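*Asks:* Can you look at this prediction? I've put the sequence above it.
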Amino acid sequence: MTAVPLEAPPRDRTRSRSGAGAAREAAPLAARARLLPSLAAVYRAQLSRARVARIPLLFVATFQSVGIMILMRGVVDGGSEARAVVAGSSVLVVAFVALNLLAQYFGQLRASGGLDHYATLPVPPAAVVLGAAAAYASFTVPGTVFTAVAGSLLFGLPLGHLWVLAVVIPLSGAALAGLGAALGLFAPRPELATLCGQLGMSAVLLLGVLPAERMPAVVSYARDLLPSTYGVEALARSFDARPDWLLICADLGVCAGVGVVSLAAATWAYRRAAVR
């Protein structure tokens, strides 16, 4: 008599299938990337992509700031006005890249659908904004240092406290980069993002480079609202024979606070634009 292999009842097979399906449904998804590793990855990617395209523009920004100082040399002899011109021209390099170019970049990224690519990656929105802002701000370091040294030699200012640039560049860059990213992400069209970036850089030029003593009182109030002004003031005070470090730290603290707020606003704008 031939032995017939026993089969599991249909109920058991259904149970096994449902158990396998439940196991598949219960499988955990991949963990979301942490902020710091994601920030480093976005920073390296942005730095490598923008290296070739942005270096010529950095030369333009540096040449522009040095040219402004040469023109102002015929008007300003020295003293507090010379310190203001050199400090404002140095921070102008930061504004050209971190404010103007970053506003254009995020405006084009939003118009071309590039935000959808970042939205599909397991990367926190803050890492995208901070990584791009840090990469663009990094390009300002050589031009800002060269402008500050050239201006100090041109106007006969001391070079002993130029190490303050190591703090002024990242804090001013953070404030201006956050503002530029927010302008690019809030602008409905890339043309408006470019316009906003150009207007912001022009405001830094007019309100930061020109000495405050020669401005009308109404314009001085607008100057106080510009975040880069406090970086200019901190750098200008460092040229004094005996710098007031308390006021310098206060100015840098304002830059840091504005940087946190502007980068947070840019992160919120990125989330808002990515879900649309």
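*Replies:* Everything's here; your move.
*Asks:* thinking residue 158 is in contact with residue 152, fair?
*Replies:* Yes. Shown here, residue 158 and residue 152 form a contact pair, counting by CB atoms under 8 Å, at 7.2 Å. To be clear about C-beta, it is placed using only N, CA and C from the backbone, and glycine gets the same treatment.
*Asks:* Can you work out which residues contact both of these two?
*Replies:* Residues touching both residue 158 and residue 152 (CB atoms under 8 Å, 6 or more residues apart in numbering) are residue 239.
*Asks:* what's the helix or strand where residue 262 lies packed up against?
*Replies:* If you go by DSSP states H and E, residue 262 is part of helix 245-274. In terms of contacts (3 or more CB pairs under 8 Å, 6 or more residues apart in numbering; DSSP states H and E), helix 245-274 is packed against helix 114-120, helix 125-138, helix 165-186, helix 228-237.
*Asks:* Using PDB, write out every CA atom in the shortest one.
*Replies:* As requested, C-alpha coordinates have been extracted for helix 114-120 and formatted as PDB (Å, rounded to 0.1, in the frame of the first residue of the first chain):
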ATOM      1  CA  GLY A 114      15.700  69.700  -7.300                       C
ATOM      2  CA  LEU A 115      14.000  69.900  -3.900                       C
ATOM      3  CA  ASP A 116      12.100  66.700  -4.800                       C
ATOM      4  CA  HIS A 117      15.400  64.900  -5.100                       C
ATOM      5  CA  TYR A 118      16.500  65.900  -1.600                       C
ATOM      6  CA  ALA A 119      13.000  65.200  -0.300                       C
ATOM      7  CA  THR A 120      13.400  61.500  -1.300                       C
END
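*Asks:* which residues touch it?
*Replies:* By CB under 8 Å, 6+ apart, the list of residues contacting helix 114-120 from outside reads 108-109, 128, 270, 273-275.
*Asks:* Counting neighbours, which of those residues end up buried?
*Replies:* Those of the contacts of helix 114-120 that meet the buried threshold are 109, 128, 270, 273-274, by 16 or more other CB atoms under 10 Å.
*Asks:* Surely residue 78 is in contact with residue 156?
*Replies:* Yes. Taking contacts as CB under 8 Å, residue 78 lies within contact range of residue 156: 6.6 Å.
*Asks:* Centre of the chain to the helix holding residue 262, how far?
*Replies:* 10 Å (CA atoms, centre = their mean, to the nearest Å).
*Asks:* Buried residues, it. List them.
*Replies:* 248, 251-252, 254-256, 258-259, 262-263, 265-271, 273-274.
*Asks:* now it against helix 228-237, angle please.
*Replies:* Interaxial angle of helix 245-274 relative to helix 228-237 (axes from the mean of the first three to the mean of the last three CA atoms, to 10 degrees): 150 degrees.
*Asks:* Let me see the confidence value for residue 44.
*Replies:* Looking at residue 44, its pLDDT is 84.
*Asks:* Next, work out how far apart it and residue 131 are.
*Replies:* Residue 44 sits 8 Å away from residue 131, going by CB to CB, to the nearest Å.
*Asks:* Could you do residue 97 as well?
*Replies:* Going from residue 97 to residue 131 by CB to CB gives 15 Å.
*Asks:* Check residue 272 too.
*Replies:* From residue 272 to residue 131 the distance is 19 Å (CB to CB).
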